[in-house]
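Student: Pasting a predicted model and its sequence here:
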Amino acid sequence: MAPHSIRNFLAFLVGICNVLGWWMALASGTIIVATSTFGIVTFWYPHFAPQQWQVYLCYVLTMALSLIPVFAIPHKHVDRLANSAMFLSILGFLMVIITCLVMGRNHYHPEMLTEYHGASGWTKVPSWLLSINLAQYAYVGNGAVTHIAEEMPRPGRKLPLVMNIAMLIGVVTAIPCAIVMINCIEDITAVQNAFFPSLEIFYQATHSRKAATALQAYLVLLYYTCLPSQWITSSRIAWAFSRDCGLPLSSYWNHVSPKFHIPVRTIFLTTVFVLMYGLLYIASTDAFNSILNLTVMFLTFTYTAPQAILLCGRRGRLPRRPFDLGRYGYAVNAFSVACFLFTLVFVCFPMRLPTSAGKMN
């Protein structure tokens, strides 16, 4: 779709951002498991103050454990892994909703939904705008399904359906869960100061350390079940990019193991990147937010760049397709580009005021 003069450059730019974005997404998912684990530890042992290097070691251990299913499960059964993760996610949603509603009855605080209790130093509007990045992070990997388009029957129809249904499931489950958890908050300051806030919310909702720990441990399990799929996606995207000669030494990286039927070499390359990128958590106390924001920025760019090209009067070059928006497509393209530029500005803002070099985003 791009003009011939800049086509190769844009293809490389989108491709490398896609590879880096998925590598960062894998790093962020791994660090979530590590910090969640230490959140449970500090919940039971309040005087224990985990050091960043300790969290990094847990991060490395999580990486190693999440690689086991990638090699142990036959390639033809990988879909069962994804289906199991989805089943566990829906079960976890029901567990959180029911447990918080039942054990938190007579302790609801609906005013938490309407009152502002910011502790970041920002006023209401900037705080809300900065929080959009975290919401985007939850959906930014929604386009992963496009990377298996060649293996799907009728991808032109099924891919948009899959992506939109995934968004719908996320909205239908996330909003009720958030409302219930917010209503169960009794001490917002304790939640803000907790090493892992969701665990503190579970405790305030259930008034039971064991119940809160069980819910949080189940969430850690859910986070872990997402990692093997991220490994597969990240390594596969790097392999596909090297197949198109996008990486240095592409002839080496575009190899598929005849034993495991997966791109083992790009898995190794991904491992090296994630190991090195995780060191940022040691360097900065707010590095986790930076990892999330960079993931959002890179992957959102890969979605927006093609829409920016279409916005420049090139929609007429698109082939016939099931979901043709016609002239309304320009409005969608313009909105996407505007949102990306807006996000690009706020993603660079510090999360707290006053800030310092160690806490910059």
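Tutor: Cool, got the structure.
Student: what residue ranges in the chain score low on pLDDT?
Tutor: The model of the chain has pLDDT under 70 over residues 148, 150-151, 285-289, 357-361.
Student: what about the helices in it?
Tutor: Ranges of helices within the chain are 7-44, 52-72, 78-103, 124-139, 155-183, 188-193, 197-206, 209-243, 250-253, 264-277, 280-283, 287-309, 328-346, based on DSSP state H.
Student: what residues does stretch 252-266 touch?
Tutor: Stretch 252-266 is contacted from outside by 70-71, 75, 232, 235-236, 238-239, 242-243, 247, 269, using Cβ atoms under 8 Å, 6 or more residues apart in numbering. Quick note: C-beta positions are derived from backbone N, CA and C, even for glycine.
Student: which one of those sits closest to residue 156?
Tutor: Taking Cβ to Cβ as the measure, residue 156 lies nearest residue 236 of those, at 21.2 Å.
Student: so how far is stretch 346-356 off the chain centroid?
Tutor: Between the centre of stretch 346-356 and the centre of its chain there are 20 Å (Cα atoms, centre = their mean, to the nearest Å).
Student: any chance of the contacts of stretch 252-266 in a markdown table, with neighbour count and distance to residue 206 too?
Tutor: Formatted as a markdown table, the contacts of stretch 252-266 follow (neighbours: other Cβ atoms under 10 Å; distance: Cβ to Cβ, whole Å):
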| residue | neighbour count | distance to residue 206 |
| --- | --- | --- |
| 70 | 21 | 35 |
| 71 | 15 | 38 |
| 75 | 13 | 41 |
| 232 | 22 | 36 |
| 235 | 26 | 39 |
| 236 | 20 | 40 |
| 238 | 27 | 43 |
| 239 | 24 | 45 |
| 242 | 24 | 49 |
| 243 | 17 | 50 |
| 247 | 20 | 49 |
| 269 | 22 | 44 |
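Student: TSV please, covering the helices of the chain and showing distance to residue 318.
Tutor: TSV is the format used below for these (distance: least, Cβ to Cβ, whole Å):
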stretch	distance to residue 318
helix 7-44	16
helix 52-72	36
helix 78-103	30
helix 124-139	24
helix 155-183	11
helix 188-193	48
helix 197-206	43
helix 209-243	22
helix 250-253	29
helix 264-277	31
helix 280-283	40
helix 287-309	10
helix 328-346	9
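Student: right, so those helices: which one is the most enclosed?
Tutor: Looking across the helices of the chain with neighbours counted as mean count of other Cβ atoms under 10 Å, the highest average goes to helix 197-206: a mean of 23.
Student: Now do it: which elements does it pack against?
Tutor: Contact here means 3 or more Cβ pairs under 8 Å, 6 or more residues apart in numbering; DSSP states H and E; on that basis helix 197-206 packs against helix 7-44, helix 78-103, helix 155-183, helix 188-193, helix 209-243.
Student: of all these, which lies closest to residue 59?
Tutor: Proximity to residue 59, assessed across these by Cβ to Cβ, is greatest for helix 7-44 (4.2 Å).
Student: got the angle for the closest one vs helix 264-277?
Tutor: Angle of helix 7-44 versus helix 264-277, following axes from the mean of the first three to the mean of the last three Cα atoms, to 10 degrees, is 60 degrees.
Student: just checking, what packs against helix 7-44?
Tutor: Short answer (3+ Cβ pairs under 8 Å, 6+ apart): helix 7-44 packs on helix 52-72, helix 197-206, helix 209-243, helix 264-277, helix 287-309.
Student: Mind putting the ones you listed into TSV with distance to residue 13?
Tutor: Below are the helices and strands packed on helix 7-44 laid out as TSV (distance: least, Cβ to Cβ, whole Å):
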stretch	distance to residue 13
helix 52-72	28
helix 197-206	37
helix 209-243	12
helix 264-277	18
helix 287-309	7
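Student: And those helices: which comes nearest residue 130?
Tutor: Using Cβ to Cβ, these put helix 287-309 closest to residue 130, at 9.3 Å.
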